[in-house]
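S.K.: Provided below for reference: sequence and predicted model.
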Amino acid sequence: MAVQVDVPLAPTRRHRAAALFRAALVPALAILTALVIGAIIIWFSAPSNRGTRLEVVVAAYRGLFAGAFGSRVAIANTLVEATPYILAGLAVTVAFKCGLFNIGAEGQLFMGALASTTVGFTITGLPAIIHLPLALIAGAVAAGLWGAIPGYLRARTGAHEVITTIMFNFIAFRLVDYFIVSGPLRDRRASLPRTPFIQANAQLPRFVGPLEPANLTGGQEYRPLIVTTDPGWNIRLHLGFLIALLAVWIIWWLLNRTTTGFEIRTVGANPEAARYAGMSITKNFVLTMALSGALAGLAGAGQALGLERNMKSLFSSGYGFDSIAIALLARSNPIAIIPAAIFWGALNTGKGEMQALTGISSDLIRIIQALVIMFVAADQIVRWIFRIRQAHGEQMVFSRGWGK
């Protein structure tokens, strides 16, 4: 008697495209809904001297788009703004995959920037091919060790990573203040609290720009990859953007093509089943938080080595905290981090032009960002508004909760 066995077919290109469309639908509609609500707010708060209410709404979003993508400099600035968001968003995503909630990306970003800056200005005489990677590695290692501690505390003592990473944020902030404001890393010749400029050989090169004199680069002439005297090509986009894209591919490959990534995802989905299968919960918690911290540290290192070229006591603009929203918007998909970060960067870059054209406060962008977070986190609101059913298995777990 023949027995028929049903073998599941490999997903076709159409099935993969449909799955990708379903995954992107709710975040896209969340953004659309937030923009519509933002338009309503503009409608009722439009200045009377800027035309009709509809004209103000149209001008506000036109200015927002022009400020983010209206010229090659605007596009470059948007990508510069998105670069730390990509790396910090990846940091939070990796933690999510293991069922952990890393709120410490901001502090880890600070520690990475501090370590890379210190290596950048204290070591002299090294060629760029050694000095620059050394500074980047220092930032990643310092932040990775900083992130591994809450992971170990969670695995061995049950201390929840939300509490410990928040506390570690404040420790990192105060350490940076000590070292830069009154400690050994302050440049005594500067009027504001900051470190000395890093050496030119430790700076992330910009793609296009003018030659910069030694007094702006820490004692050495700074040469972009393409030197130009055209002011229209004086852009800040640096090599850190390519590093961020490379990190996205590495994390995607790690999570989806390696045994380590399988263990991380299994521990995040069901730690009891993972323990029963012989996987070490402690190892995966520590490894995941170390990797998450290293990615956040690279974000800080990129800001210090590629843009600031020194480190001030007031360093970050909340990249580590906004990265949580970006990871939520990307639904913890490493590839989706890229468009989510670019969207976030575009809002931050374009808000100045929006305010200049319409007089609408740039704080409206923070309202739109908050609405996007709300609609993505509480996606049932969007599903109810647009009558979208939730497919079986579509819901994902970002964190397992307290004490579990």
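M.R.: Looks like it arrived, so ask away. Here the structure is a predicted model, which means the values were calculated and not measured.
S.K.: Point out where the stretch 251-400 of the chain drops to low pLDDT.
M.R.: Counting by pLDDT under 70, the stretch 251-400 of the chain has low-confidence residues at 391-400.
S.K.: just the helices in it please.
M.R.: 259-269, 271-276, 281-303, 319-329, 337-358, 363-377, 379-386 (DSSP state H, counting those that start in this stretch).
S.K.: Also the stretch 51-200 of the chain?
M.R.: 53-69, 72-97, 105-122, 128-157, 161-177.
S.K.: nearest to Thr195, of these?
M.R.: Nearest to Thr195 among those is helix 105-122 (5.3 Å), distances taken as C-beta to C-beta. (Glycine included, C-beta is placed from N, CA and C.)
S.K.: so what secondary structure elements neighbour the closest one?
M.R.: Applying 3 or more C-beta pairs under 8 Å, 6 or more residues apart in numbering; DSSP states H and E, we find helix 105-122 packed against helix 72-97, helix 128-157, helix 161-177, helix 281-303, helix 319-329.
S.K.: on that earlier part again, which one of the helices of the stretch 51-200 of the chain is the most hemmed in?
M.R.: Ranked by average neighbour count under the criterion mean count of other C-beta atoms under 10 Å, the helices of the stretch 51-200 of the chain are headed by helix 105-122 at a mean of 29.
S.K.: what angle do that helix and helix 319-329 make?
M.R.: In terms of direction (axes from the mean of the first three to the mean of the last three C-alpha atoms, to 10 degrees), helix 105-122 departs from helix 319-329 by 130 degrees.
S.K.: Could you check the angle helix 105-122 makes with helix 128-157?
M.R.: 150 degrees.
S.K.: as a whole number, average confidence for helix 105-122?
M.R.: On average, the pLDDT along helix 105-122 is 96.
S.K.: Could you do stretch 202-221 as well?
M.R.: pLDDT averaged over stretch 202-221 gives 78.
S.K.: which residues sit against that stretch?
M.R.: 116, 119-121, 123, 128, 131-132, 134-135, 196-201, 222-229, 233-240, 243, 302, 305-306, 309-310 (C-beta atoms under 8 Å, 6 or more residues apart in numbering).
S.K.: Any quick ChimeraX command for the buried ones out of those?
M.R.: Remark: buried members of these, expressed as a ChimeraX selection using 16 or more other C-beta atoms under 10 Å:
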select :116,119,120,121,123,131,132,134,135,196,197,198,199,200,201,222,224,233,235,236,237,238,239,240,243,302,305,306,309,310
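S.K.: quick one: which of the contacts of stretch 202-221 sit in strands?
M.R.: Of the contacts of stretch 202-221, the ones assigned to strands by DSSP state E are 226-227.
S.K.: any chance of the helices of the stretch 251-400 of the chain in TSV, plus distance to His15?
M.R.: Below are those laid out as TSV (distance: least, C-beta to C-beta, whole Å):
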stretch	distance to His15
helix 259-269	21
helix 271-276	27
helix 281-303	30
helix 319-329	24
helix 337-358	22
helix 363-377	24
helix 379-386	22
